[in-house]
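Chemist: Please find the sequence and the predicted model below.
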Amino acid sequence: MWRATLVFLLFFLSVSARADLPHPEVIDVGIFSGQPIKNITVVPAAGGYRLTDGEGHRIAELEKNKPVDIALMGDHCGITMGDSTFYVRTEVILRGHRWENFFVIHVDGHPYRMYDDDLVVRAGRERLVLVNRAAVDNYVAGVVQSESGWMRHLEYYKVQAIIARTYALRNGGSNGHSEYHLCDGVHCQAYYGRSGYGDIIQAVALTRGDVVVDEHGELINAVYHANCGGETVASENVWQRPKSYLTSVADSFCVQQPGAVWEASIPRGEFFGFLEQYFSINPSPDIKEQLLHFTQLSRTHVLQPFDEVRLTQLRTRFNLRSTFFSFSPFNDMIYVRGRGYGHGVGLCQEGAMEMAKRGYAASEIIRFYYQGVALRTLE
């Protein structure tokens, strides 16, 4: 296992992120990330598990379906199995040692989750740090299920598997996490446990090692979102970093899908107060009237006529589903009618689902949303 981990770490240290390197075998994913968890219950569900410390010394063999309680005890992990309790400083690992291994984990206040492969538990500052050390394709399958749900077209699952793998290998270790490569939230990719769904497992197997590369042969930043509302966004209009493959694309495939339209409202006073507080803008009555009728027929990226006010800032401040919206006044409120769901950059998931239903191949769908790219298979 340590050899696989070393290969994976060396892969992520590659500055160029080129796709001609060996396929890494494992990935460390922070689960229940950022939550103040101080105790968990873990139950081996399949395969065989042993409990070790961080140096690999065996503590105990674990029995299938027998719970293990782990709690934060200062800078130790307190471990209770049956009538026995003992303590391990800093780190304890549930290591699977058979062909297929998975476990159930329960955290108070959350539904139980099931994960493949290994669990690393560290005594952090005032919380347990939980890391699922998983085979990359087991992780990819979990992401596909968490991001896509059930009963999708097989070709769409193949698309999601390819871009999830590409995103993980491109961004692992670079998203601000020091104790694992990626977290399990949308800041990285949603990942809420293993997938046992046959179509997803098949899609991951059919695309094993497949990634998306740009014109230089480098892994792309394969970002995606739920629905673009009919037009995707160039990356520089969200993150101010242009990428040749993340340009704006007209998308007719998503416009009849569930995430295509939405509505919201903003109190007028809060809206104009925001402009004054953060941008020192106190518009004249004529300009106020213009703002109250702000309209986007196609995507713009600033609140005209004030170029310094980016629509991403309004989306964040007022918790809007996207930046593709128009205003109209209603009493002391601003009625907001919006299109799309998410940041709008890269692949539109609901559009890709519709393309798959219409018979497009995974490679065609990927090249539609990411411009000038190619698919490569890691060895």
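Modeler: Received the coordinates, thanks. Bear in mind the structure is a predicted one, so any value in this text is a computation, not a measurement.
Chemist: The helix ranked longest in the chain: what's the following helix or strand?
Modeler: Scanning the chain for the helix with the most residues, using DSSP state H, yields helix 154-171. Next in sequence after helix 154-171, counting helices and strands by DSSP states H and E, comes strand 182-183.
Chemist: quick one: whichever helix or strand comes after that next one to helix 154-171, angle?
Modeler: Of the helices and strands lying after strand 182-183 in sequence (DSSP H and E), the nearest is helix 198-206. Angle between the axes of helix 198-206 and helix 154-171 is 50 degrees (criterion: axes from the mean of the first three to the mean of the last three C-alpha atoms, to 10 degrees).
Chemist: what comes into contact with helix 198-206?
Modeler: Contacts to helix 198-206, defined as C-beta atoms under 8 Å, 6 or more residues apart in numbering, come from residues 137, 140-141, 144-145, 148, 152, 154, 157-158, 160-161, 195. Every C-beta, even on glycine, is put in place using the N, C-alpha and C of the backbone.
Chemist: for stretch 287-297, same thing?
Modeler: Outside stretch 287-297, the residues touching it (C-beta under 8 Å, 6+ apart) are 268, 272, 283, 303-305, 324-329, 334.
Chemist: nearest to residue 340, of the residues you listed?
Modeler: residue 324 (4.8 Å; C-beta to C-beta).
Chemist: now that closest one: how far from residue 266?
Modeler: As judged by C-beta to C-beta, to the nearest Å, residue 324 and residue 266 stand 16 Å apart.
Chemist: more crowded one of these two?
Modeler: Per other C-beta atoms under 10 Å, whichever of residue 324 and residue 266 has more neighbours is residue 324, with 26 against 19.
Chemist: pretty sure the more buried one contacts residue 225?
Modeler: No. Between residue 324 and residue 225 there is no contact under C-beta atoms under 8 Å: 11.1 Å.
Chemist: shared neighbours of the two, anything?
Modeler: Common neighbours of residue 324 and residue 225 (C-beta under 8 Å, 6+ apart) are 340, 344.
Chemist: So for the chain, the centremost residue is which one?
Modeler: residue 189 (1.2 Å; C-alpha atoms, centre = their mean).
Chemist: Just flag the most distant two among the contacts of stretch 287-297.
Modeler: Taking C-beta to C-beta, no two of these sit farther apart than 283 and 324, at 22.8 Å.
Chemist: What's the first helix or strand after the lowest-mean-pLDDT helix or strand in the chain?
Modeler: Lowest by mean pLDDT, DSSP states H and E among the helices and strands of the chain is helix 2-12, with a mean of 38. Downstream of helix 2-12, the next assigned helix or strand under DSSP H and E is strand 26-30.
Chemist: from the middle of its chain, how far away would the helix or strand that comes right after that next one be?
Modeler: Using DSSP H and E, the next helix or strand after strand 26-30 towards the C-terminus is strand 39-46. Distance, stretch centre to chain centre, for strand 39-46: 24 Å (C-alpha atoms, centre = their mean, to the nearest Å).
Chemist: And the contacts of strand 39-46?
Modeler: Here strand 39-46 has contacts from 62-72, 94, 100-108, 114, 119, 121, 128, 130, using C-beta under 8 Å, 6+ apart.
Chemist: Those residues, buried ones only, as a PyMOL selection?
Modeler: PyMOL command restricting those to the buried ones, with burial defined by 16 or more other C-beta atoms under 10 Å:
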select buried, resi 62+68+70+71+72+94+101+102+103+104+105+106+107+114+119+121+128+130
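Chemist: Select from the contacts of strand 39-46 every entry located in strands.
Modeler: Residues of those located in strands (DSSP state E): 62, 68-72, 94, 102-106, 114, 119, 121, 128, 130.
Chemist: Now that residue 28 has come up, it's in contact with residue 120, right?
Modeler: Yes. Taking C-beta under 8 Å as the definition, residue 28 is a contact partner of residue 120 at 7.3 Å.
Chemist: list residues touching both of the two?
Modeler: What both residue 28 and residue 120 touch, as defined by C-beta under 8 Å, 6+ apart, is the set 131, 132, 133.
Chemist: Mind checking what secondary structure the second one has?
Modeler: By that I understand residue 132. strand (DSSP: H, G, I helix; E, B strand; the rest coil).
Chemist: give me every residue that touches it.
Modeler: Residue 132 touches 28, 29, 31, 115, 116, 117, 118, 119, 120, 139, counting by C-beta under 8 Å, 6+ apart.
Chemist: what is it paired to in the beta sheet?
Modeler: On the basis of DSSP bridges, residue 132 is bridged to residue 29, residue 119.
Chemist: what's the spacing between it and residue 156?
Modeler: 25 Å.
Chemist: ok, now residue 73?
Modeler: Residue 73 is 46 Å from residue 156, by C-beta to C-beta.
Chemist: now swap in residue 48 and tell me
Modeler: 35 Å.
Chemist: For stretch 170-183, which residues meet the burial criterion?
Modeler: Counting neighbours by 16+ other C-beta under 10 Å, stretch 170-183 gives 170, 171, 172, 173, 177, 180, 181, 182, 183 as buried.
Chemist: can you check stretch 148-166 too?
Modeler: 148, 152-153, 155-166.
Chemist: And for stretch 258-276?
Modeler: 259, 260, 261, 262, 266, 268, 271, 272, 274, 275.
Chemist: Equivalent analysis for stretch 372-379, please.
Modeler: 373, 374, 375, 376, 378.
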